[in-house]
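Peer 1: Quick one: sequence plus predicted model below, questions after.
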Amino acid sequence: MKEISGGVCAPKGFMAGGIWCGVKANSQKRDLALIYSEKNCAAAAMFTANRVKAASIIVTQEHIGRGKLHAIIANSGNANACTGEAGLASARRMAELAADEFAISPRDVAVASTGVIGVPLPIAAIENSIGALANSLRGDEAGHAAALEAIMTTDTRKKEVSVEIEINGVPVRIGGMAKGSGMIHPNMATMLCFLTTDAAIPRELLEKSLRRATALSFNRLSVDGDTSTNDMAIILANGASGAPAIAEESAEYGIFAAALEACCVKLARALARDGEGATKLVTVTVCGAHDEQTAETLAKAVAASSLVKAACFGADANWGRVLCAMGYSGAEFDPGLTGVRFRSLAGEIAVCKSGQPVGFSEEDAKKILSEEEIEILIDVNSGDAAVDGTATVWGCDLTYDYVKINGDYRT
């Protein structure tokens with residue numbers, strides 16, 4: 001696998017574009033995006049576990065049930081959530097508008113929205129701009145970049161990826177973009193993620209690979225403990241590479257699934273690094289647990305802890321907060337066997353062994369925790385070497401700016 005440029009336009013047959021249409025009434029930043037495939041695509045998606053679902057989620061769940069999509073239309077600046085029947089009508093209208101531009105069925109269009117909850121979507125702004133949106137489509141990196149900008153809200157960094165692999169000697173590409181900065185917590189993390197591939201792969205295998213990739217990436221991500229109403233990850237596969245179709249559980253499927261997982265992990269890390277107000281990417285790895293699920297539960301508790309996150313912001317080696325978070329996670333482990341280390345580019349330091357303090361330099365610990373990327377390494381020493389009880393999750397520190405950003409987000 002090698003990294004390439006192009007994002008969602010890297011795979012053959014995909015175009016993307018983005019414009020400002022006025023959904024973000026007080027900004028001139030792009031707020032309407034479109035991704036389109038010349039060929040109809042096998043499609044799979046994962047959605048928020050929140051019982052309160054945006055209109056775009058409801059409509060896209062209906063459309064993707066057939067396992068086929070041609071396009072994705074997305075707006076930022078308005079979540080179109082908690083907006084009743086009018087919101088559902090607006091989401092369906094977005095699909096119709098995109099479909100009319102390409103003479104396809106509205107059911108072949110996925111709809112996504114992100115922004116403020118509980119505000120009616122100004123659908124007229126989208127209606128008046130759909131022609132310009134279609135005209136903005138390009139099959140290159142500029143098209144990808146325009147669409148990516150159009151889905152961003154409080155994001156300060158781009159989240160994008162594109163890779164090339166080989167399937168039976170034929171180059172196959174996967175491209176992706178994501179947005180998300182706040183209201184991010186597992187099941188699934190608050191985000192929009194759009195993935196494209198020119199692989200020929202049936203819907204069932206596409207969904208299987210996306211489900212696993214999501215479980216190991218976006219569902220291991222937490223910024224602030226809030227699971228949104230609009231979370232969505234979609235992948236479209238148009239088969240335009242010319243590579244032979246991927247067969248059930250074949251070696252080629254393994255290559256594709258591993259590449260998709262790597263793409264989603266890269267996007268998840270980028271989402272965590274750009275958490276609202278964040279100054280640090282925090283990676284938490286638990287090993288030595290009874291099984292992977294136990295390790296994941298323990299790691300998630302640590303990454304989501306406000307006290308741990310605040311300590312990371314202050315570069316304070318307050319490892320007691322780590323054990324405290326593990327203790328209320330509900331997962332089984334023995335605190336008396338647990339060790340904790342901190343690591344970054346500035347070095348590594350052990351702060352706890354067998355559930356007790358070890359002597360360490362506070363000055364050295366502060367240097368390590370002052371880096372932009374830090375790791376919290378936890379070994380629960382369950383003693384079962386035959387079990388791979390390891391999991392890694394991603395989060396960020398908690399800063400003053402998080403409160404500033406969210407204190408007046410709506411107004």
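Peer 2: Great, that's in hand.
Peer 1: roughly how far is stretch 73-90 from the heart of the chain?
Peer 2: Distance of stretch 73-90 from its chain centroid, counting by Cα atoms, centre = their mean, to the nearest Å, is 21 Å.
Peer 1: For that stretch, the averaged confidence score.
Peer 2: Mean per-residue pLDDT for stretch 73-90: 96.
Peer 1: Quick one: end-to-end length of that stretch, please.
Peer 2: Terminal residues of stretch 73-90 lie 12 Å apart, using Cα to Cα, to the nearest Å.
Peer 1: quick one: low-confidence ranges for the chain?
Peer 2: Within the chain, the stretches with pLDDT under 70 are 181-190, 223-227, 385-386, 405-406, 409-411.
Peer 1: Please enumerate the helices of it.
Peer 2: With DSSP state H, the ranges of helices along the chain come out as 55-64, 84-102, 123-127, 130-135, 141-150, 203-215, 251-273, 292-304, 306-313, 320-327, 362-369, 400-407.
Peer 1: Looking at the ones you listed, spot the one closest to K353.
Peer 2: Closest approach to K353 among those (Cβ to Cβ): helix 320-327, 11.9 Å. Every C-beta, even on glycine, is put in place using the N, C-alpha and C of the backbone.
Peer 1: one step back: among the helices of the chain, which is nearest K158?
Peer 2: K158 lies closest to helix 141-150 among the helices of the chain, at 6.0 Å (Cβ to Cβ).
Peer 1: Quick one: list the elements packing against the lengthiest strand in the chain.
Peer 2: Assignment by DSSP state E gives strand 32-47 as the longest strand of the chain. Packed against strand 32-47 by the contact rule (3 or more Cβ pairs under 8 Å, 6 or more residues apart in numbering; DSSP states H and E) you find strand 14-19, helix 55-64, strand 68-78, helix 130-135, helix 141-150, strand 192-197, helix 203-215, strand 232-237.
Peer 1: residue contacts, Y328?
Peer 2: Residues near Y328 by Cβ atoms under 8 Å, 6 or more residues apart in numbering: A301.
Peer 1: gap between the residue in the chain sticking out farthest from the centre and G7?
Peer 2: The C-alpha centroid of the chain is most remote from G359, which lies 38.6 Å away (Cα atoms, centre = their mean). Between G359 and G7 the distance, using Cβ to Cβ, to the nearest Å, works out to 49 Å.
Peer 1: what's the answer for V116, then?
Peer 2: Counting by Cβ to Cβ, the gap from V116 to G7 is 26 Å.
Peer 1: do the same with G320
Peer 2: Taking Cβ to Cβ, one finds G320 at 43 Å from G7.
Peer 1: Please identify which of those two sits among more neighbours.
Peer 2: Neighbour count, other Cβ atoms under 10 Å: between G320 and G7, G7 has more, with 27 against 15.
Peer 1: circling back: could you dump the helices and strands packed on strand 32-47 into TSV and include distance to E252?
Peer 2: What follows is these, written out as TSV (distance: least, Cβ to Cβ, whole Å):
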stretch	distance to E252
strand 14-19	21
helix 55-64	24
strand 68-78	22
helix 130-135	35
helix 141-150	26
strand 192-197	13
helix 203-215	10
strand 232-237	13
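Peer 1: Would you confirm that I349 contacts F342?
Peer 2: Yes - counting by Cβ atoms under 8 Å, F342 is a contact partner of I349 at 5.5 Å.
Peer 1: So between these two, which is more surrounded?
Peer 2: Set I349 next to F342 and count neighbours by other Cβ under 10 Å: F342 wins out with 25 against 21.
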